[in-house]
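Participant: Got a predicted structure here, sequence first:
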Amino acid sequence: PGPSRLQALRLVPMIRRNPIHFFQHMLQAYGPISHFHILREHVYLVQEPEWIEQILVARAKSYHKSPLYRELQRVIGNGLLTAEDEQWKKERRLLQPAFHAKRLQLYGDIMREEAEVVCRRWFDRLARDEYFETDLLAEMMELTFAIVGRCLFQADLSRYTERVKHSLDTALVEITERITQLIPPPIWLPLPGHRRLLRSLATLDAIVQDLIKERMQNPTDDMLSLMLQSVDEQGNAMSAKQIRDETLTLILAGHETTANALTWTFYLLDKNRDSLLQAAREASKVQTGADFREANFLRAVFDESLRLFPPAWEIERRATVTHTIQTSSGEVLIPENTNIAMCIYMMHRDERFWPEPHRFLPERFLEDRRHGFAYLPFGGGPRICIGNQFAINEAMIILSALLARFDVQTLVDPDPAPLVTLRPRKGMPVRIRKRKSI
Ligand code: HEM
């Protein structure tokens with residue numbers, strides 16, 4: 001089921017205003033699997049775990065990323081997130097060792113150190129006043145940016161924070177604008193938005209080139225040195241463009257998503273004070289020596305936050321060949337070039353799988369962790385997020401450091417903006433105090 005071509009065209013303004021509202025509308029009007037045409041594109045909206053598993057895992061080889069990712073490629077080029085086939089395989093193999101358990105253990109120390117930097121800065125401000133106000137999203141972006149810089153590139157990126165933040169924010173807004181247009185204008189047209197995008201890209205490029213230059217002079221065992229030294233089976237080195245794309249992919253994918261996830265977690269905890277107290281109690285235990293991996297409630301809090309506000313709120317694929325997928329109700333033929341949109345945000349709020357879907361109930365992750373493809377904050381199958389364990393460790397370390405010591409009160413009800421990631425549209429203004437007793 002789905003709208004006619006004409007009805008679909010009439011829905012375009014809704015897609016532009018807020019694509020999540022469009023997905024909600026489609027679900028209510030046509031059920032969990034719907035279909036529509038937009039110009040010559042042929043799209044299935046899929047909200048069935050069984051289908052999702054087929055597309056991401058069982059039939060993964062029959063799919064590429066969808067044209068949506070082509071816009072993102074303007075920023076991150078052909079790095080791991082957007083590469084396909086042999087190129088993707090080669091890059092995944094190259095990057096995988098940086099995410100092995102032993103490396104993650106080393107990163108833990110860096111994550112703790114960087115979380116302590118924020119704690120010291122906040123305590124300094126609280127030495128003067130009873131409380132202070134700040135934008136939590138900006139604070140978390142700065143923190144996760146510093147962490148990814150030190151863990152993956154052994155570099156202090158603090159001198160770039162402001163420029164990267166400004167350029168990435170601008171680029172992502174402009175890219176989202178283009179993604180939600182039915183026919184985006186050619187990028188060479190000198191429109192103000194295009195100029196802003198190109199300027200931001202030039203800034204990001206210059207920063208990455210700086211980093212590469214620095215690493216060529218002082219090689220270490222970081223990701224950049226690894227890329228600079230790597231040769232493939234034919235003895236070819238990685239091209240400068242490929243190194244640039246991979247570096248930018250890791251910097252972007254490695255900090256934006258986690259910063260958003262942390263920000264939403266603080267927001268949800270503030271609105272659910274019983275959970276906050278329980279999480280803060282566990283956080284204190286971690287601060288006094290318990291292993292963060294044993295903080296089960298805190299982990300459930302983070303899982304539940306990723307359910308309600310998944311930073312990667314949608315993923316899309318495009319069939320490269322005509323094939324069938326198997327579902328319990330039979331076989332479905334998927335013609336070549338069909339686009340499949342999977343709205344993770346909506347899947348995570350489907351009441352068939354999540355009782356009281358809009359409530360923040362971390363307990364649901366304590367009772368049962370088997371949610372299959374009704375829960376996919378990190379995607380699934382071969383293209384599952386390479387940084388998922390990195391992100392979970394990072395979140396647990398940061399949450400324990402901050403929750404044990406500070407009370408974070410949100411000052412507005414944020415408007416979730418489904419840009420490239422799901423972020424609070426105007427940041428997250430908060431008031432911060434020392435935590436008194438738990
Ligand atoms: C892929 C989510 C953190 C690097 C993905 C995908 C999702 C995702 C859903 C799959 C996209 C698709 O199938 O189209 C998240 C979330 C994070 C997070 C919610 C934090 C809470 C990270 C971190 C890094 C990272 C910390 C790196 C340090 C990547 C890369 C890919 C990816 C390189 C592409 C993997 C591939 O295609 O082989 N992420 N991510 N992510 N993520 Fe993450």
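Facilitator: In hand now; what should we look at?

Participant: Count the neighbours of Ala202 for me.
Facilitator: Number of residues near Ala202 (other Cβ atoms under 10 Å) recorded here: 11. Bear in mind the C-beta positions are built from the backbone N, C-alpha and C, glycine included.

Participant: Oh, that last question was meant for Leu157, not what I typed.
Facilitator: Counted with other Cβ under 10 Å, the burial measure for Leu157 works out to 19 neighbours.

Participant: Next: the one 3 residues further on.
Facilitator: Applying other Cβ under 10 Å, we find 21 residues neighbouring Tyr160.

Participant: Setting aside sequence neighbours, what's the nearest residue to it?
Facilitator: Closest residue in space to Tyr160, ignoring its immediate chain neighbours: Ile207 at 5.2 Å, by Cβ to Cβ, 6 or more residues apart in numbering.

Participant: Likewise for Pro67?
Facilitator: Arg318 (6.8 Å).

Participant: got a list of what the one you found touches?
Facilitator: The contact partners of Arg318, by Cβ atoms under 8 Å, 6 or more residues apart in numbering, come to 63-67, 337-340.

Participant: For Asp291, give its distance to Ile392.
Facilitator: 14 Å (Cβ to Cβ, to the nearest Å).

Participant: Neighbours of the residue nearest to Tyr160, how many?
Facilitator: As a burial measure, the neighbour count of Ile207 was computed by other Cβ under 10 Å and equals 19.

Participant: Just the buried positions in the longest helix seen in the chain, please.
Facilitator: Scanning the chain for the longest helix, with DSSP state H as the assignment, gives helix 240-271. Taking 16 or more other Cβ atoms under 10 Å as the basis for neighbour counts, the residues of helix 240-271 that come out buried are 242-270.

Participant: Could you identify the helix or strand that succeeds that helix?
Facilitator: Moving toward the C-terminus from helix 240-271, the next helix or strand (DSSP states H and E) is helix 273-287.

Participant: what's the spacing between stretch 153-162 and its chain's center?
Facilitator: Relative to the centre of its chain, stretch 153-162 is centred 20 Å away, using Cα atoms, centre = their mean, to the nearest Å.

Participant: hang on, the earlier thing: check which element follows whatever helix or strand the residue nearest to Pro67 lives in along the chain.
Facilitator: Per DSSP H and E: Arg318 is located in strand 314-319. Following strand 314-319 in sequence order, the next helix or strand is strand 323-327 (DSSP H and E).

Participant: tell me the average confidence for that next one?
Facilitator: For strand 323-327, mean pLDDT rounds to 89.

Participant: Provide the strand pairings for it, with the direction of each partner.
Facilitator: The partner list of strand 323-327 in its sheet, established with DSSP bridges, is strand 330-334 (antiparallel).

Participant: Now the strand it pairs with: buried residues?
Facilitator: For strand 330-334, a neighbour-count test (16+ other Cβ under 10 Å) marks Ile334 as buried.

Participant: And the contacts of that strand?
Facilitator: Counting contacts by Cβ under 8 Å, 6+ apart, the residues outside strand 330-334 that touch it are 44, 62, 319, 322-325, 340.

Participant: Could you rerun that using 10 Å?
Facilitator: Judged by Cβ atoms under 10 Å, 6 or more residues apart in numbering, the contacts made with strand 330-334 from elsewhere in the structure are 33, 42, 44, 51, 54-55, 59, 62-63, 317, 319, 321-326, 340.

Participant: Among the residues you listed, which ones lie close to the ligand?
Facilitator: Contacts with the ligand within these, as defined by Cβ under 6 Å from any ligand atom: none are present.

Participant: The closest residue to the ligand within the stretch 301-438 of the chain: how many residues sit nearby?
Facilitator: The ligand sits closest to Gly387 of the stretch 301-438 of the chain, with a gap of 2.3 Å, by Cβ to the nearest ligand atom. Using other Cβ under 10 Å as the criterion, Gly387 is surrounded by 24 other residues.

Participant: Give me the nearest residue to it, chain neighbours excluded.
Facilitator: Once chain neighbours are set aside, the closest to Gly387 by Cβ to Cβ, 6+ apart is Gly254, at 5.8 Å.

Participant: what does Phe309 give?
Facilitator: Closest residue in space to Phe309, ignoring its immediate chain neighbours: Trp264 at 3.8 Å, by Cβ to Cβ, 6+ apart.

Participant: Next up, the contacts around that neighbour.
Facilitator: Residues in contact with Trp264, defined by Cβ under 10 Å, 6+ apart, are 136-137, 140, 302, 305-306, 308-311, 414, 416, 422-424, 428.

Participant: hmm, back to that, just checking: what are the partner strands of the strand holding Arg318?
Facilitator: Strand 314-319 sits in its sheet next to strand 63-65 (antiparallel), strand 339-343 (antiparallel), going by DSSP bridges.

Participant: before we move on, the earlier item: close to the ligand as well: tell me which of the contacts of Trp264 qualify.
Facilitator: Filtered for proximity to the ligand (Cβ under 6 Å from any ligand atom), the contacts of Trp264 shrink to Pro311.

Participant: out of the contacts of Trp264, who's nearest Leu94?
Facilitator: For the contacts of Trp264, the residue nearest Leu94 by Cβ to Cβ is Pro311; the value is 24.8 Å.

Participant: helix/strand/coil for the closest one?
Facilitator: Of the three states, Pro311 takes coil according to DSSP: H, G, I helix; E, B strand; the rest coil.

Participant: how far away is the residue sitting nearest the centre point of the chain from Leu376?
Facilitator: In the chain, the residue lying closest to the centroid (Cα atoms, centre = their mean) is Thr257, at 3.2 Å. Counting by Cβ to Cβ, the separation of Thr257 from Leu376 is 14 Å.
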